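Chemist: got a structure for you, letters missing:
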């Protein structure tokens, strides 16, 4: 941000003042100034006016250097062996120091023209000092010299000095500078044609003159053409084109700078270049993230619609209905507030289930609570605290059935969830199924923001990845697996903190399909504090990076693993890691544009991005049959919630790049998510033996 502010300052996007003072009275201006020459020296408390000798012309160029026109002007001057004075601004000198260095090297003089080109009659003495010192600093950094020449912006002839500009000229002299105005004005900025520029710049009867031209501030091709005619024509008439001190026979206006002053100037030029380079790089990154965001939105909308049409068309089915019993694994660590709701929701299942609660060394009596419920078909397995992957693997070992559903200890299922979740296993190619995880505690502002994120960012993504056959993550809150698939990849791995992403990628590499079941809804308790949300997303982000790195070898594999590596891994990396990492640039440039301009276009562009996001969110809510009222908080989510996610992702990147390690973290739960209304729990044995107890699969 500091570099962007520096760039805004150097490019006159801040502190710029374009006011021009109208003409005023001349009561306080000495007559010898009004009737004198164009060189005004008010140093040391004296007032002196100087003229250029006859047959001497001092060409002066204002407002540069310009990367297009200044080199052409210098080339013409060199061609005709002429010298000139360039009154450069600090902003342009800072951006194009090589041109100022060339001016000095080729015998020209440079003078101050302020840093930001304001009318100094409007400015305070502090601002005038700032304009001079910054302009001088830029010249020192560019050419290693200090100049004693100054030309005020918007100046013209000596007789135009008035009661507003004269005090400024006196003050400039007290700071050690000679003020240089002009005798002839070519008015080349009006682009009257080369011939007219030459006519206006030509003195009469061999008189000496200081001629005003411009090498910046717009299209100066007429100035270059006029100069190429003007120089030989006037030289043929006996004129010499010198810099100012040569014409006056005075010591050079340029003084070499050494020591700390020189290094300070060079440091300034280095920082300005760095700010420009950084801004250019950020602009490229902004374009990249813009392309990624648009591509993601386009893919989500098109492929999500295709997914919905496919699974909702009449007669769609994965194969024969799956009616066999299922083992549901519930890893639990200090889930005393939630575990009863979780288990009861499973007992209300429309599909026959056995429930295996794996207590991972809880210290709050979680296992005791489950055992005290005395529910048939519910078993408790205790182990010392070893982490969620170990708990799941322990549960797999104790599961009785070939289809295994995994859920979190703070999640509740609807009665139809298990049934809907396992139906895709009617297709023998399917090895795992991702369910539809939803936020149960969405009444708080943080909960509402996460609800939007789950519906739009997770479930809409899963539809897209399902169509592309590269689903990156089966949510830990609701997922189902074939036992044979789990055994094929070696079970749940402890290599990463995102064991759900890790196992999903492993299944893809094993050639198994992973699909999305939109009607398999699970209600989970989202974090309700910023600290808890930070901890959860930090683990997710870092774990995803670990999983991507772990399975990077898929890029070079053949067969299904190679397909996932060359399609799935790049998409996951771009959409889930790179794009979120670069996304803060949207807000950074929004802030930059609002402060430094153009404000209107910047705000309009940001609102356009927000409108696209709102459209995608509304579409996702419609697909999930959610109420649109929660989208009211979407603008605030984009302003506040996203910033938190940015910092979390950045911290994850830093942890990954520094080789840091994270432990599995437990979130604090409140137990506010209850089981949905359902019939009274029934004995799973009855469900197995009574066909009428199960609803037909839609």
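Modeler: Perfect, thanks for sending it. Note that the structure is predicted; figures quoted are calculated from it, not measured.

Chemist: Tell me which helix or strand the residue nearest to the spatial centre of the chain sits in.
Modeler: Nearest to the geometric centre of the chain sits residue 585, at 1.5 Å (Cα atoms, centre = their mean). If you go by DSSP states H and E, residue 585 is part of helix 584-596.

Chemist: Give me the packing partners of that helix, helices and strands only.
Modeler: Applying 3 or more Cβ pairs under 8 Å, 6 or more residues apart in numbering; DSSP states H and E, one finds that helix 584-596 makes contact with helix 2-10, helix 259-312, helix 599-623, helix 642-657. From N, CA and C alone the C-beta is placed, and that goes for glycine too.

Chemist: I'd like those helices as a markdown table, with mean pLDDT and distance to residue 436 appended.
Modeler: Listed next are these as a markdown table, based on pLDDT from 0 to 100; distance: least, Cβ to Cβ, whole Å:
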| stretch | mean pLDDT | distance to residue 436 |
| --- | --- | --- |
| helix 2-10 | 83 | 42 |
| helix 259-312 | 90 | 12 |
| helix 599-623 | 85 | 10 |
| helix 642-657 | 78 | 22 |
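
Chemist: Can I get those helices in JSON lines including distance to residue 159?
Modeler: Output for those, formatted as JSON lines (distance: least, Cβ to Cβ, whole Å):
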{"stretch": "helix 2-10", "distance to residue 159": "35"}
{"stretch": "helix 259-312", "distance to residue 159": "36"}
{"stretch": "helix 599-623", "distance to residue 159": "41"}
{"stretch": "helix 642-657", "distance to residue 159": "59"}
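
Chemist: Give me whichever of the ones you listed is most buried.
Modeler: Most buried of those by mean neighbour count (mean count of other Cβ atoms under 10 Å) is helix 2-10; its value is a mean of 19.

Chemist: coming back round to it: so what's the residue nearest to the centre of the chain up against?
Modeler: Residue 585 makes contacts with 282, 285, 286, 289, as judged by Cβ atoms under 8 Å, 6 or more residues apart in numbering.

Chemist: Nearest to residue 156 among these?
Modeler: The closest of the contacts of residue 585 to residue 156 turns out to be residue 282 (Cβ to Cβ; 41.2 Å).

Chemist: now the closest one: how far from residue 589?
Modeler: 8 Å (Cβ to Cβ, to the nearest Å).

Chemist: Next: residue 263.
Modeler: In terms of Cβ to Cβ, residue 263 sits 33 Å off from residue 589.

Chemist: Also residue 570?
Modeler: Taken as Cβ to Cβ, the span from residue 570 to residue 589 is 26 Å.

Chemist: higher neighbour count, the two?
Modeler: Neighbour count, other Cβ atoms under 10 Å: between residue 570 and residue 589, residue 589 has more, with 18 against 14.

Chemist: Quick check: chain neighbours aside, which residue is closest to the more buried one?
Modeler: Sequence neighbours aside, residue 286 is the residue nearest to residue 589 in space, at 6.0 Å (criterion: Cβ to Cβ, 6 or more residues apart in numbering).

Chemist: I'd assumed residue 586 was in contact with that neighbour.
Modeler: Yes. Under the criterion of Cβ atoms under 8 Å, residue 286 makes contact with residue 586 at 7.0 Å.

Chemist: Start and end of stretch 96-114, how far apart?
Modeler: End-to-end distance of stretch 96-114 (Cα to Cα, to the nearest Å): 16 Å.

Chemist: Return the distance of it from the chain's centre.
Modeler: Distance of stretch 96-114 from the chain centroid (Cα atoms, centre = their mean, to the nearest Å) equals 37 Å.
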